[in-house]
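Q: sequence below, structure please.
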Amino acid sequence: MWLVRIKRFLLHNLSLRVLAVLIALGLWFFVNAGQREAQSNLLVPVEYRGLPNGLIIVNRRPDFVNLSISGPRTLLSLLDPGRLTVHLDLRGLTPGQADLKITPDMFRIPRQTTIDRIVPSQVTLDVDQIMTRELPVRLSINGQVASGLAIGAVDLKPAVVTATGPSHALRNLDAIDTMPFDVQGASEPVSRYVQLADVGSLISLSTKWVLATVKLQEVISEREFHDVTVSVRNADRKFVVHPPHVSVTVRGPQKSLTKLDLDGAVYVDARDLGVGWFETPVQVDLPKGLEVVHESPDKVKLRLYKAKIEASS
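A: Numbering: from 1, shown residues only. Sure, this is the predicted structure:
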């Protein structure tokens, strides 16, 4: 019986020794594997601090740098990109171009690790002065209003906006345009809010919307009438007109001119005239809103005879 117990004791001790050896081998492998040289690439954030008041960075700047770090694999696995954030000090910058170098000593990395490469290793900033300007709003009109009408007055509220941004950008602006304002087919005033056009992310405006009102007016044009018969008014005697026809140019709203008929509207007045030859001015009866621009000729000869005009029964 005691032989069996001794055998079991020896077997148990042997198992413990084997287990201990295996654990030791594992620890040895882990430690040696962790000490092997490796390389890791990390995207590390870049923070910009201390830009003086009144200045603005106008070019696109990198938000991250790529670090190539070599060292023991175990240490590399513990690196946190957020804790390696590089802070660039912008105090003392003036308008113009500034080159800021990024060096390994800006990063807090564990001992036994080395920064092999930084991309980019230099940041170039374009720095400009911030300025403010009052600029007029310019309405961008799209489309054609109804036939016979034209765009008259344009009212914008506000008509002027305040723009703030880089001086080089604002100096090149003479107005702030709106998005297209559609008036296609409009026959009466159009009023609605319209958004201001994009002027870039670096320029801020005091408002993004304006109330635009487009008023319409009739198209004013001219129309020529040729060989218009000259009639005689207030004549009780027989008469002859020389020349019997004239040409007339009339100005006014296009719609009214299209419908205008001068038959009987061009005349000379024989009131209070006796028998004989007379040079009389040509007159034209026109609807309200129309005017005579030119008559050719503007005077005609009128002969009145002794014979009376027989009254029609």
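Q: ok, the closest residue to residue 291 other than its chain neighbours - how many residues close by?
A: Excluding the flanking residues, the one nearest residue 291 by Cβ to Cβ, 6 or more residues apart in numbering is residue 251, at 5.5 Å. The C-beta positions use only the backbone N, C-alpha and C, and glycine is treated the same way. Residue 251: 16 surrounding residues under other Cβ atoms under 10 Å.
Q: from residue 96, how far off is residue 251?
A: 60 Å (Cβ to Cβ, to the nearest Å).
Q: for the nearest residue to residue 292 once chain neighbours are set aside, give me its contacts.
A: Computed as Cβ to Cβ, 6+ apart, the closest residue to residue 292 that is not its neighbour in sequence is residue 284, at 5.2 Å. Counting by Cβ atoms under 8 Å, 6 or more residues apart in numbering, residue 284 touches 248, 250, 262, 265-267, 292, 295.
Q: all helices for the stretch 151-300 of the chain, in order.
A: Here the stretch 151-300 of the chain has its helices, by DSSP state H, counting those that start in this stretch, at 167-170, 254-259.
Q: quick one, longest strand in this structure?
A: Longest strand of the chain, by residue count under DSSP state E: strand 122-138.
Q: so what strands line up beside that strand?
A: The pairing partners recorded for strand 122-138 under DSSP bridges are strand 55-57 (antiparallel), strand 96-101 (antiparallel), strand 160-166 (antiparallel), strand 176-177 (parallel).
Q: among those strands, which is nearest residue 305?
A: Closest to residue 305 of the strands paired with strand 122-138, according to Cβ to Cβ: strand 176-177, at 71.6 Å.
Q: need the residues that contact the closest one.
A: Under the contact criterion Cβ under 8 Å, 6+ apart, strand 176-177 has outside partners 135-138, 140, 161, 163, 196-197, 199, 205.
Q: ok, of these, which come out buried?
A: Neighbour counting with 16 or more other Cβ atoms under 10 Å marks 135, 137-138, 161, 163, 196, 199, 205 as buried within the contacts of strand 176-177.
Q: run through who's touching the strand or helix carrying residue 38.
A: Residue 38 is located in strand 37-49, with elements delineated by DSSP states H and E. Identification of contacts with strand 37-49 by Cβ under 8 Å, 6+ apart yields 57, 61-73, 76, 79, 81-82, 84-91, 102, 107, 116, 123.
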